[in-house]
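A.B. asks: can't give you the sequence, but here's the structure:
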């Protein structure tokens with residue numbers, strides 16, 4: 001097998017991780033910011049490519065490397081195109097873009113787009129290339145010590161995770177995330193992502209692309225197979241561990257946490273994917289699966305730092321753990337395999353050095369940005385959504401799923417006969433000798449379950465209602481829907497999808513409409529809905545300028 005071809009194919013898979021990150025972050029946040037998140041992930045790679053060409057690659061991979069710390073920028077790609085090592089350049093470029101994009105999710109929904117572009121350029125041009133050179137340039141001081149981070153648990157993921165935590169902390173939480181109760185205690189609120197389906201798609205894309213992330217640099221097919229095996233075992237064990245842990249802790253397996261756990265297992269095994277055996281991979285994954293839950297809840301509920309996608313927990317914490325774990329489980333030099341403390345000590349030194357460097361540099365970058373152009377959008381812009389305010393985008397989902405009124409409520413063959421209500425209701429509301437036309441206009445507003453709409457519509461037709469307005473709404477009553485939790489945060493009120501059906505009547509008595517609606521909608525369960533009645537002064541038809549009865553054009557009801 002030609003490993004040079006696989007090397008490039010693996011790098012292409014790493015590029016595809018940008019799609020996975022975009023889907024995870026979009027799914028775990030609210031729909032009004034989806035376009036903004038897609039744009040940030042796109043520009044992470046595009047801006048990163050420009051600055052990595054101009055500065056980052058030379059700093060990281062230069063043959064003129066000073067004191068094992070930093071390289072002299074080189075521009076052979078421009079001066080000697082045919083002799084330049086394009087394979088290594090492309091490989092390092094896609095890894096650099098991964099480090100930059102990790103931060104996007106933690107700072108989602110309230111960061112200025114212009115500020116994010118500046119940050120993305122800085123981390124790709126200077127911050128990442130320097131510390132990555134320490135490990136992956138053969139002249140780097142950590143490489144000289146024997147530090148092992150085969151595919152980037154610390155070099156990429158821990159750096160991205162720590163940067164995400166610093167950025168989220170300096171940025172502040174989303175509006176409404178943390179509030180005070182009457183006793184002054186902080187209340188943590190859950191902001192569920194708008195599409196776990198997108199989040200799951202992103203997770204599977206990342207897992208698939210991770211085989212290139214970890215395996216691209218394999219020296220031969222045998223090592224490649226071992227790497228791919230470990231890259232499967234660790235996330236699988238992590239996800240099972242997370243499922244069992246959240247099931248025991250919260251009473252139900254947490255979907256979003258399990259998605260995070262899969263990624264945490266992948267992050268954790270990245271450093272030692274070529275250096276640990278199957279047992280080591282399983283133990284690393286086991287810790288990953290529990291650590292990610294503990295870290296998400298600690299950051300969210302104890303530190304009160306708003307990280308919508310758990311970037312620090314997944315990448316920062318598990319990147320650190322995975323790198324240190326190499327010193328324990330390396331099957332040649334690990335502590336648990338008779339190798340003593342040397343490698344473990346080197347791994348700890350490397351983690352401490354890279355983490356300290358990241359805290360200092362990224363803390364400085366975000367501080368300067370905050371004091372100059374600012375990190376955060378205004379409260380009004382945040383509430384409206386960054387799609388509209390930062391990108392003049394009405395919606396990332398405009399016209400994606402148009403809903404036809406005829407399909408509301410789904411397919412059903414159930415009907416309710418309400419014709420008998422005429423004789424029961426009309427004599428009580430129409431005086432002897434009177435007519436229905438003498439009554440005023442009344443608006444009947446019905447809140448009901450979606451699956452009962454077709455039954456309601458049929459009932460209204462039976463009593464002569466010829467027009468209605470239908471809208472999708474969200475709501476709950478005193479029962480507050482079905483309570484639960486999201487990412488470890490209790491949700492005391494869960495808004496449920498319902499339909500609001502508005503009918504204005506005159507010749508059809510509102511009492512008849514109410515009686516028919518009650519018969520059509522009643523199931524005896526919570527959530528059957530409510531009916532509201534309002535007096536209406538007049539009705540105008542815009543097209544013909546008709547008013548009153550002529551505008552409604554309802555069929556008169558006979559006694």
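C.D. replies: Cool, the structure landed. Note that the structure is predicted; figures quoted are calculated from it, not measured. Numbering: from 1, shown residues only.
A.B. asks: how near is residue 246 to residue 210?
C.D. replies: 23 Å (CB to CB, to the nearest Å). Placement of C-beta: from N, CA and C, glycine included.
A.B. asks: who's more crowded, the two?
C.D. replies: Neighbour tally, residue 246 and residue 210, criterion other CB atoms under 10 Å: the higher count belongs to residue 210, 27 against 24.
A.B. asks: SS state for the more buried one?
C.D. replies: Using DSSP: H, G, I helix; E, B strand; the rest coil, the structure places residue 210 in helix.
A.B. asks: which residue is the nearest non-sequential neighbour of it?
C.D. replies: Spatially, and ignoring its direct neighbours in sequence, residue 210 is nearest to residue 266 (4.8 Å; CB to CB, 6 or more residues apart in numbering).
A.B. asks: list the buried ones in the particular helix or strand that has the one you found in it?
C.D. replies: In this structure, residue 266 is located in helix 255-270 according to DSSP states H and E. By 16 or more other CB atoms under 10 Å, the buried positions in helix 255-270 come out as 256-270.
A.B. asks: just how off-centre is that helix within its chain?
C.D. replies: Averaging C-alpha positions (CA atoms, centre = their mean, to the nearest Å) puts helix 255-270 14 Å from its chain's average.
A.B. asks: what packs against whatever helix or strand comes next after that helix?
C.D. replies: For helix 255-270, the following helix or strand on the C-terminal side (DSSP H and E) is helix 278-297. Secondary-structure packing of helix 278-297 (3 or more CB pairs under 8 Å, 6 or more residues apart in numbering; DSSP states H and E): helix 221-250, helix 255-270, helix 318-329.
A.B. asks: and the longest one, how far from the chain's centre?
C.D. replies: Right, helix 221-250. On CA atoms, centre = their mean, the centre of helix 221-250 falls 21 Å from the chain's centre.
A.B. asks: quick one: mean pLDDT for it?
C.D. replies: Mean pLDDT, computed over helix 221-250, is 97.
A.B. asks: you'd agree residue 336 is up against residue 326?
C.D. replies: No. With contact defined as CB atoms under 8 Å, residue 336 does not reach residue 326; the gap is 11.2 Å.
A.B. asks: the more surrounded of those two?
C.D. replies: More crowded of residue 336 and residue 326, by other CB under 10 Å: residue 326, with 30 against 16.
A.B. asks: quick one, what contacts the nearest residue to the more buried one once chain neighbours are set aside?
C.D. replies: In space, residue 326 comes closest to residue 272 once its chain neighbours are excluded; the distance is 4.0 Å by CB to CB, 6+ apart. Residue 272 makes contacts with 148, 150, 153, 230, 280, 281, 284, 322, 325, 326, 329, 330, as judged by CB atoms under 8 Å, 6 or more residues apart in numbering.
A.B. asks: repeat for residue 532
C.D. replies: Counting by CB under 8 Å, 6+ apart, residue 532 makes contact with 444, 445, 446, 447.
A.B. asks: where does it land on pLDDT?
C.D. replies: So residue 532 comes in at 95 (pLDDT).
A.B. asks: now name the helix or strand holding it.
C.D. replies: Going by DSSP H and E, residue 532 is part of strand 530-536.
A.B. asks: and what of residue 14?
C.D. replies: Residue 14 belongs to helix 3-27 when assigned by DSSP H and E.
A.B. asks: state the mean pLDDT of that helix.
C.D. replies: 96.
A.B. asks: and stretch 69-76, average pLDDT?
C.D. replies: 89.
A.B. asks: start and end of that stretch, how far apart?
C.D. replies: End-to-end span of stretch 69-76 (CA to CA, to the nearest Å): 21 Å.
A.B. asks: and the helix or strand following the strand holding residue 532, average pLDDT?
C.D. replies: Using DSSP H and E, the helix or strand that directly follows strand 530-536 along the chain is helix 549-552. The pLDDT scores in helix 549-552 average 78.
A.B. asks: do stretch 384-391 as well
C.D. replies: Averaging pLDDT along stretch 384-391 yields 94.
A.B. asks: give the buried residues for it.
C.D. replies: For stretch 384-391, burial by neighbour count (16+ other CB under 10 Å) applies to 385, 386, 387, 388, 389, 390, 391.
A.B. asks: list the ones among these that fall in helices.
C.D. replies: Among these, the residues falling in helices (DSSP state H) are 386, 387, 388, 389, 390, 391.
A.B. asks: looks like the fourth one contacts residue 113 (just checking).
C.D. replies: Pointing back at residue 389 there. No. Look at residue 389 against residue 113 with CB under 8 Å: they stay out of range, at 9.5 Å.
A.B. asks: so where's this structure shaky on pLDDT?
C.D. replies: Applying pLDDT under 70 to the chain flags residues 1, 399-414, 422-423, 426-439, 477-484, 491-494, 553-559.
A.B. asks: longest single strand anywhere in it?
C.D. replies: Determined from DSSP state E, the single longest strand within the chain is strand 496-505.
A.B. asks: against which helices or strands is the next helix or strand after that strand packed?
C.D. replies: Once strand 496-505 ends, the next helix or strand along the chain (criterion: DSSP H and E) is helix 510-521. Applying 3+ CB pairs under 8 Å, 6+ apart, one finds that helix 510-521 contacts helix 421-429, strand 441-448, helix 453-462, strand 530-536.
A.B. asks: quick revisit: nearest to residue 416, out of the buried residues of helix 255-270: which one, please.
C.D. replies: Nearest to residue 416 among the buried residues of helix 255-270 is residue 256, at 40.0 Å by CB to CB.
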